[in-house]
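In: Below: sequence and its predicted model.
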Amino acid sequence: MGKKADSSKKLIDRDKQYNLSEACELVIKASFAKFDETVDLAARLGVNPRHADQMIRSSCSLPHGTGKSVRVIVFAKGERANEARDAGADFVGSDDLVEKIQKDGWLDFDSAIATPDMMGLVGRLGRVLGPRGLMPNPKVGTVTMDVAKAVRELKAGRIEFRTEKTGIIHAPVGKVSFGGEKLSDNVRTLLDTLWRLKPSTAKGKYFKSITLSSTMGPGVRLDTNEIQSLVEQR
């Protein structure tokens with residue numbers, strides 16, 4: 001692994017910023033693990049998350065998905081519960097599901113959806129789900145009456161993201177096996193979404209730095225000036 005990692009790093013000029021297509025191809029070329037590595041994007045934005053109006057939290061649907069099988073649970077009753085099951089939810093319930101998480105410590109899922117009327121009950125799980133980023137939230141579309149649509153979107157590759165204390169957003173944008181073109185499409189979609197979410201109070205350069213990396217591979221820096229031009233054209 002040491003020799004492979006060293007060879008991988010030599011492919012990247014750490015002082016250079018690459019255009020989007022070059023960066024995606026380099027991330028693929030620099031990957032060396034035997035498994036299909038996930039490609040992640042880290043964007044440092046010109047925002048101050050300590051101000052509520054500059055905290056970014058949202059979601060977007062990647063055109064080519066994430067390449068990951070997503071386990072989705074839904075807190076719902078009656079007709080909405082049936083709709084969630086028909087849409088492909090892995091687990092659906094109400095009091096029983098809350099108890100399973102609260103008492104048994106069950107967390108074998110990747111995303112949680114809830115109808116608005118269930119949030120009083122789901123709120124009991126705040127201390128468990130909140131720190132893990134699993135709490136349903138209307139800002140990312142996981143508190144909704146249209147549970148079927150939410151389930152289908154998450155299964156198809158909708159990702160959620162939020163700014164950390166340092167103003168950085170981390171998000172998966174696909175797999176190495178996607179190839180450069182599909183990765184570029186996914187990255188472009190995420191960056192377009194972030195641009196649309198730019199707070200009016202954010203001053204100065206918005207995309208301060210953007211890096212792509214595979215699970216085991218080195219980071220590849222994107223040309224933020226090119227990215228700025230791309231999103232402004234949309």
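Out: Right, received. Where do you want to start?
In: what about the strands in the protein?
Out: 38-45, 57-61, 72-75, 91-93, 111-114, 158-162, 168-175, 207-214, 220-221 (DSSP state E).
In: Can you tell me which helices and strands the lengthiest helix in the chain packs against?
Out: Looking across the chain with DSSP state H, the single longest helix is helix 180-196. Applying 3 or more Cβ pairs under 8 Å, 6 or more residues apart in numbering; DSSP states H and E, one finds that helix 180-196 contacts helix 20-30, strand 38-45, strand 57-61, strand 168-175, strand 207-214, helix 224-233. For every residue, glycine as well, the C-beta is placed using N, CA and C.
In: what's next to the lowest-mean-pLDDT helix or strand in the chain, contact-wise?
Out: The helix or strand of the chain with the poorest confidence is helix 2-10; it has a mean of 79 (mean pLDDT, DSSP states H and E). Outside helix 2-10, the residues that touch it by Cβ atoms under 8 Å, 6 or more residues apart in numbering are 30, 31, 32, 216, 217, 218.
In: one step back: please produce a markdown table containing the strands of the chain, extended by distance to residue 183 and mean pLDDT.
Out: As requested, those are exported to a markdown table (distance: least, Cβ to Cβ, whole Å; pLDDT from 0 to 100):
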| stretch | distance to residue 183 | mean pLDDT |
| --- | --- | --- |
| strand 38-45 | 6 | 97 |
| strand 57-61 | 15 | 90 |
| strand 72-75 | 24 | 98 |
| strand 91-93 | 31 | 96 |
| strand 111-114 | 22 | 96 |
| strand 158-162 | 14 | 90 |
| strand 168-175 | 5 | 95 |
| strand 207-214 | 8 | 96 |
| strand 220-221 | 11 | 96 |
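In: and residue 145, which of those is closest to it?
Out: Residue 145 lies closest to strand 111-114 among the strands of the chain, at 10.2 Å (Cβ to Cβ).
In: For the closest one, which outside residues touch it?
Out: Residues contacting strand 111-114 (Cβ under 8 Å, 6+ apart): 70-76, 84, 89, 122, 129, 134-136, 142-144, 147, 150-151, 154, 160.
In: 6 Å instead, please
Out: Contact partners of strand 111-114, identified using Cβ atoms under 6 Å, 6 or more residues apart in numbering, comprise 72, 73, 74, 75, 122, 134, 136, 142, 143, 147, 150, 154.
In: Find the nearest non-adjacent residue to residue 25, please.
Out: Nearest residue to residue 25, sequence neighbours excluded (Cβ to Cβ, 6 or more residues apart in numbering): residue 180, at 4.5 Å.
In: Walk me through the domains of this structure.
Out: Listed domain ranges for the chain are 15-66+158-233, 72-156 (source: automatic domain parsing).
In: Just checking the distance from the longest one to the centre of its chain.
Out: From the chain centre to the centre of domain 15-66+158-233 is a distance of 10 Å (Cα atoms, centre = their mean, to the nearest Å).
In: before we move on, what about the shortest one?
Out: Per Cα atoms, centre = their mean, the displacement of domain 72-156 from the mean C-alpha position of its chain is 18 Å.
In: first to last residue in it, what's the distance?
Out: From its first residue to its last, domain 72-156 covers 11 Å (Cα to Cα, to the nearest Å).
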